[in-house]
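Student: here is a sequence together with a model predicted from it:
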Amino acid sequence: MLRRRRYSGYSSRYRRRRVSVSAVFRFILIILLIGVIGYCAVTVYRAFRSSAYIAELESQNKTLQATVDRYQAALPDPSIVDSIEPMDYQTLYPEMKVDPKPTPAVAPANTVYLTFDGGPSQNTATILDALKNAGQKATFFVVGKNIAGNEAIVKRIVDEGHTIGIRGYSNDYNAIYASPEAFLEDFHQAYQAVYDACGVYPAVFRFPGGSVSPYNQANYEQLIAEMLRRGFIYYDWSVSAGDDTSASRTITQITQAVLSGLSKKSSSTPVVLLHDGANKTSTAAACANLLSELSKAGYTCDRLTGSVRPVTFAYNR
């Protein structure tokens, strides 16, 4: 009887151990099964989301393609466009163009572009002397009717490495802006006068009074488009010396106006408006001092070319 009880106790412990191992095995199996099911569920969910995303992209692509097709359908037939007759003024002076057309770029840092309007005159010669002594360059937008008698000054502008541009011929704003034809006629007179004086056709110009002014409200868009079509680059200004409204500005006033204007402008192409007409003796006298002060402030003065990014007035279309 005693042996049976011992055997019976051992058997009971053995069965409990087997039950315990079996339970652990089943538990692990269940965990693995849950993991497999979870992985499959995540995979299916991801596949579903990918399919939905792909379907959404395909839908967006179809929408975009439909938009492109709609705009393309609205474009005129190229053969029809080519057959449209140009405006009458576009056929005037076919030789008056810049070829190849320049590609503007960002100006170097700390570079200032001094521009002089209204010459040439004896004041221009004084300004050229100051520029030569300082080793600096500038741009001169000449008035064509002032060239006669000052041809040597025009040639000197070019020979000394400055840029010569056009600011019209007659300087009569109302007549210049009467029509696109009138503008082109005036421009062509100045264009030819410059060439006759120095052997160079200008590639840059300034609209008399600026590209957008009370004088050209009726046709400035046409004029800008036509001159750009011909390859010319025009420059307005971002800083003014204030010498256009008063011939009695002092050397100090002109210099301070320029320095103050430069300090307030964030433009990468600071273009300064000055004047060198026959009555601008104060501006001519101020140039040596202005160039000295600009140098002290860390500026270099250079000339405008077609490769200098234009400064232009904003206008509403």
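Tutor: Here it is on my side, so go on. Keep in mind it's a predicted model, so treat the numbers as computed, not measured.
Student: surely residue 147 is in contact with residue 195?
Tutor: No - here residue 147 lies out of contact with residue 195, judged by Cβ atoms under 8 Å, at a distance of 10.4 Å. In this view, the C-beta of every residue, glycine as well, is placed from N, C-alpha and C.
Student: so for the two, which sits in the more crowded spot?
Tutor: More crowded of residue 147 and residue 195, by other Cβ atoms under 10 Å: residue 147, with 20 against 13.
Student: what's the domain layout of this structure?
Tutor: 1-84, 106-301 (automatic domain parsing).
Student: and the end-to-end length of the last one?
Tutor: Right, domain 106-301. Counting by Cα to Cα, to the nearest Å, you get 15 Å between the two ends of domain 106-301.
Student: what about the strands in the stretch 101-250 of the chain?
Tutor: 111-117, 139-142, 163-166, 204-205, 233-234, 239-240 (DSSP state E, counting those that start in this stretch).
Student: just so I know, which of those lies nearest residue 218?
Tutor: strand 233-234 (18.1 Å; Cβ to Cβ).
Student: and the closest one, which strands flank it?
Tutor: Its sheet considered, strand 233-234 pairs with strand 204-205 (parallel) by DSSP bridges.
Student: could I get the average pLDDT for the strand it pairs with?
Tutor: For strand 204-205, mean pLDDT is 98.
Student: among the domains of the chain, which is the most enclosed?
Tutor: domain 106-301 (a mean of 19; mean count of other Cβ atoms under 10 Å).
Student: next one: that one to chain centre, how far?
Tutor: Offset of domain 106-301 from its chain centre (Cα atoms, centre = their mean, to the nearest Å): 21 Å.
Student: okay, now the unreliable bits of the stretch 201-317 of the chain?
Tutor: Scanning the stretch 201-317 of the chain for pLDDT under 70 picks out the ranges 247, 266-267, 315-317.
Student: switch to 50 and redo it
Tutor: Within the stretch 201-317 of the chain, the segments meeting pLDDT under 50 span 317.
Student: again with the stretch 51-200 of the chain
Tutor: 71.
Student: mind listing the helices for it?
Tutor: Assigned by DSSP state H, counting those that start in this stretch, the stretch 51-200 of the chain shows helices spanning 78-82, 122-134, 151-159, 173-176, 180-198.
Student: dump the ones you listed to CSV, plus distance to residue 234.
Tutor: CSV is the format used below for those (distance: least, Cβ to Cβ, whole Å):
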stretch, distance to residue 234
helix 78-82, 26
helix 122-134, 21
helix 151-159, 19
helix 173-176, 14
helix 180-198, 11
